[in-house]
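>>> Show me the folded form of this:
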Amino acid sequence: SGAGGGAFGIIVGQPLDTIRVRLQTDETYKGVIDCAKKMFRNEGPLSYYKGMSAPLFAIAAQNAIVFFSYKSSERWLHAHLDLDGFSLSLAAGAIAGVLTLPTTAPIELFKIRAQIQKETGGVYKDSWQCAKETSAIVCHRRPECDRLFLLQVIRKMVACPS
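Numbers count the residues shown, from 1 in each chain. Model prediction:
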């Protein structure tokens with residue numbers, strides 16, 4: 001159910017996520033509606049789903065890590081630090097979020113790189129080429145990956161599951 005629910009959330013949210021990424025990386029758009037219209041007109045309706053394959057592929061593993069690490073952290077924190085209630089949920093959620101980073105940070109980078117590609121004949125000929133080049137960035141610890149990792153740590157610690 002975690003994989004199915006996660007996949008549904010990705011499919012439903014991907015168009016708005018792609019528009020958000022385009023607005024953050026390209027100043028030529030006047031707003032959400034302008035971006036959506038131009039994407040549809042210039043690239044077609046499938047352009048809203050660019051970069052979706054990576055999160056769909058990884059969602060089952062990510063949710064398994066989140067659920068397992070959240071419950072494990074919750075038990076440990078309650079037993080050793082005597083945390084309860086909101087503080088327990090907050091701490092366990094922060095730990096679970098950080099533990100998902102080895103899977104989420106590279107996937108997020110791959111997804112964003114695919115989303116900002118505007119033409120079908122753009123930088124990457126297909127998803128596999130984008131994934132391969134993104135993997136090279138992650139493995140060689142380029143500055144863009146370090147910045148993304150730091151932002152992901154902050155985001156994951158704040159967005160705790162409860």
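>>> Let's verify the closest residue to His78 other than its chain neighbours: helix, strand, or coil?
Using Cβ to Cβ, 6 or more residues apart in numbering and skipping residues adjacent in sequence, the residue nearest His78 is Leu88, 6.0 Å away. Where C-beta positions appear, they are placed from N, C-alpha and C, glycine not excepted. In three-state terms, and counting by DSSP: H, G, I helix; E, B strand; the rest coil, Leu88 is helix.
>>> so what pLDDT did Leu88 get?
Leu88 carries a pLDDT score of 93 in this model.
>>> contacting residues for it?
74, 77-78 (Cβ atoms under 8 Å, 6 or more residues apart in numbering).
>>> mind running it again at 10 Å?
Counting by Cβ atoms under 10 Å, 6 or more residues apart in numbering, Leu88 touches 73-75, 77-78, 81-82, 162.
>>> pretty sure Leu99 is touching Phe68, no?
Yes - if you go by Cβ atoms under 10 Å, Leu99 and Phe68 touch, sitting 8.8 Å apart.
>>> How many neighbouring residues does Ala54 have?
Look at Ala54: counted by other Cβ atoms under 10 Å, it has 22 neighbours.
>>> give me the element the most centrally placed residue in the chain is part of.
Centrality entry for the chain: nearest residue to the mean C-alpha point is Glu108, 4.0 Å, by Cα atoms, centre = their mean. Assigned by DSSP states H and E, Glu108 falls within helix 101-115.
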